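> Provided below are the primary sequence and the corresponding predicted coordinates.
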Amino acid sequence: MIPNRVTKQISDAPVLAPYARYWLGTACAFGAGAWLGAAEAPARLVASGYSPFAISFCMVLGVFLARWTLPVMIKGTQSVLRDLRQRPHLIIWAVLAGALWAVANTLTIFAIRDVGLAIAFPLWNTNTLIGIAWGWALFHELKGATAGSWAKVLSGAAAIVAGSVLLSLLSVHFLAGSPGRALHGVEAALGAGLLWGTMYVPYRKAYLTGISPLSFVTIFTFGEVGTMLFLGAAMPGSLGSLWPELHRLRASILWLLLGGFCWVIGDLLQQYATKYVGISRAIPLSNTNQLWGFAWGVLVFGELAHAQGSMRVLALAASGLMIVGAMLIAGATVSPAESTSVERAIRRECDRYNLDLAGSMLAQSGVERDSGNQPRRWWDYLIMVAAAGVFLWFARYARIPEVAVRTSWAIALAVILAMVLAGCGWMLWKKTRFA
């Protein structure tokens with residue numbers, strides 16, 4: 001049990017009420033789904049014959065820029081450095097998470113090329129199952145949960161698996177010109193789901209000990225970029241042909257950088273959701289990105305336009321089945337016994353790494369103790385100017401991609417994204433000051 005002195009410190013702090021934390025985390029999870037779904041739309045450029053590795057490299061560059069500029073814009077590097085000094089053990093975990101992300105992102109490019117965005121998205125969202133499995137095995141999540149919660153989790157998992165199988169069969173037998181290539185696309189998407197599900201292990205360790213999501217994602221970048229350079233050296237011909245490929249891709253690099261930037265916005269919202277409602281609830285809710293991915297693929301890029309009516313219905317039903325499964329898992333409420341199990345996990349992490357238990361518990365409720373007002377440094381502004389310069393440089397060469405796009409739908413979805421971000425950002429600032 002948590003010591004009384006810690007409970008007293010927490011009760012005296014201006015923490016969020018439980019219902020406020022729940023609704024804040026839920027809103028962030030749905031916002032994450034919208035932005036993560038939109039982030040993969042630029043990867044549709046693989047249909048124009050560009051190298052999947054070059055596409056992934058450009059997106060990772062956009063991710064790198066965003067993971068440094070957004071935290072600096074919101075809180076400054078001093079806040080990031082303070083967090084890392086207090087929890088230096090999380091540096092290696094953040095690098096590992098970045099490496100897993102980079103490999104998974106590269107696999108998604110191959111999946112989109114072979115089976116399309118509308119089909120690939122639901123397949124790699126099987127990361128929900130992987131994340132729940134790791135949470136149960138390593139962090140004792142759902143320990144003490146009610147029978148009703150277990151039933152929702154198990155039935156939701158079954159629905160996700162059934163939906164992924166239906167979409168796999170659909171893509172292999174109907175949507176792809178080559179069954180062998182479609183099978184490779186399915187394998188790539190499922191592999192991405194496995195890696196992204198495993199990536200939540202470092203996330204869980206990070207937020208049990210109370211680090212700010214803005215600090216964690218900054219170190220995340222080193223694992224991403226380092227892994228992409230390793231893949232370039234390991235994949236035959238990838239690194240040697242990268243510069244010629246980037247030159248050929250020059251007119252579209254801006255859009256890929258923006259795709260990486262969008263991904264980081266979604267990932268930040270997902271991490272705040274994980275912090276406030278837990279991995280077992282936040283990940284299924286944010287995996288509504290499959291609905292947004294389906295919308296971008298079908299409405300904007302015209303995927304399934306030439307498919308028969310029955311195949312369209314089957315694709316929509318399979319995606320709907322997976323969404324229902326995710327919602328069932330998200331609806332598994334937290335019992336008092338399960339909350340106690342989470343508190344024990346926090347204490348275990350604090351004891352293992354000699355961390356402040358009271359501060360870690362406060363951080364679960366949106367309070368950064370002793371954060372103070374961190375002054376801006378000159379290099380904060382330099383980082384933001386440098387990142388803006390990169391985008392402006394590639395904007396000089398940007399051209400509208402030679403891909404069939406329904407502009408009206410693209411504008412409508414972009415407006416919705418802006419509204420979602422404004423709403424979630426306002427709530428995070430109002431209630432937690434981005435703690």
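It's in. Residues are numbered from 1 along each chain as shown.

> give me the residue at the spatial middle of this structure.
The residue lying closest to the centre of the chain (CA atoms, centre = their mean) is Asp267, at 3.7 Å.

> look at that residue and report its pLDDT.
At Asp267, the pLDDT value in this model is 87.

> so it makes contact with Val217?
Yes. Contact criterion CB atoms under 8 Å: Asp267 and Val217 qualify, at 6.7 Å. For glycine as for every other residue, the C-beta is placed from the backbone atoms N, C-alpha and C.

> from Thr221, how far out is Ser215?
12 Å (CB to CB, to the nearest Å).

> let me fix that: Trp296
Trp296 is 25 Å from Thr221, by CB to CB.

> how about Val415?
29 Å.

> and the two? which has more neighbours close in?
Taking neighbours as other CB atoms under 10 Å, Val415 and Thr221 compare with Thr221 leading, 22 against 10.

> what pLDDT does the more buried one get?
pLDDT, Thr221: 82.

> kindly report the same for the one 3 residues further on.
In the prediction, the pLDDT value recorded for Glu224 is 83.

> which is the next helix or strand following the helix or strand where it lies?
In this structure, Glu224 is located in helix 213-234 according to DSSP states H and E. Later in the chain than helix 213-234, the nearest helix or strand by DSSP H and E is helix 242-248.

> same question for the biggest helix by length in the chain, mean pLDDT?
Ranked by number of residues, the top helix in the chain under DSSP state H is helix 179-208. Regarding helix 179-208, the rounded mean pLDDT is 83.

> ditto for stretch 125-137
81.

> for Ala363, grab the count of nearby residues.
Using other CB under 10 Å, Ala363 has 22 neighbouring residues.

> mind listing what it touches?
Contacts for Ala363 (CB atoms under 8 Å, 6 or more residues apart in numbering) come out as Tyr207, Thr209, Gly210, Ile211, Ser212, Lys275, Arg369, Ala435.

> the longest helix of the chain packs against which elements?
helix 90-115, helix 117-124, helix 127-139, helix 213-234, helix 253-277, helix 279-286, helix 336-353 (3 or more CB pairs under 8 Å, 6 or more residues apart in numbering; DSSP states H and E).

> helices or strands next to the fourth one in the packing?
Packing contacts for helix 213-234, counted by 3+ CB pairs under 8 Å, 6+ apart, involve helix 52-74, helix 77-86, helix 90-115, helix 179-208, helix 253-277.

> likewise for the third one?
Applying 3+ CB pairs under 8 Å, 6+ apart, we find helix 127-139 packed against helix 147-170, helix 179-208, helix 279-286, helix 309-330.

> TSV for the helices and strands packed on helix 179-208, including distance to Pro52?
Listed next are these as TSV, based on distance: least, CB to CB, whole Å:
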stretch	distance to Pro52
helix 90-115	4
helix 117-124	12
helix 127-139	20
helix 213-234	11
helix 253-277	12
helix 279-286	25
helix 336-353	38
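
> for Gly98, give me its contacts.
Ile219, Phe220, Thr221, Phe222, Gly223, Glu224, Val225, Gly226, Thr227.

> okay then, goodbye and thanks.
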